[in-house]
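1. Structural data only, the sequence is not supplied:
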């Protein structure tokens, strides 16, 4: 804290240079800045999510993929099996 008070009169750029030159861990680790909107704790509205790109809006619905071959019937339908029992 005393170091910040000592260099308080210097411009920001010079202060950073001085602090990094006398800092104990000056070259070891520089933490990344937090992402934008990281500290917002509430749930954003749908419109906000769309604006930020979290939700993709499509005017056209997804095309359903159709099977080339139908599924193989492994058992007979109920109606046929009930007729055979009576």
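-> Structure's in. What do you need? Remember, it's a predicted structure, so these values are computed and weren't measured experimentally.
2. For the rest of this, base every contact and every neighbour count on C-alpha atoms.
-> Noted.
3. model confidence over the longest helix anywhere in the chain, on average?
-> Secondary structure of the chain read by DSSP state H shows that its longest helix is helix 12-22. Mean pLDDT, computed over helix 12-22, is 79.
4. mind listing what's buried in it?
-> For helix 12-22, the buried set under the neighbour-count rule, 16 or more other Cα atoms under 10 Å, comprises residue 15.
5. so how far is residue 39 from the residue nearest to the spatial centre of the chain?
-> Using Cα atoms, centre = their mean, the residue of the chain that lies closest to the mean C-alpha position is residue 54, 7.4 Å off. Applying Cα to Cα, to the nearest Å, the value for residue 54 to residue 39 is 17 Å.
6. One more: residue 13?
-> Counting by Cα to Cα, the gap from residue 13 to residue 39 is 27 Å.
7. Can you show me the helices along the chain?
-> 2-6, 12-22, 46-52, 78-85.
8. and the third one, what does it pack onto?
-> Read that as helix 46-52. Judged by 3 or more Cα pairs under 8 Å, 6 or more residues apart in numbering; DSSP states H and E, helix 46-52 is in contact with no other helix or strand.
9. how about it: buried residues?
-> Buried, per 16+ other Cα under 10 Å, within helix 46-52: nothing.
10. gap between that helix and the chain center?
-> 13 Å (Cα atoms, centre = their mean, to the nearest Å).
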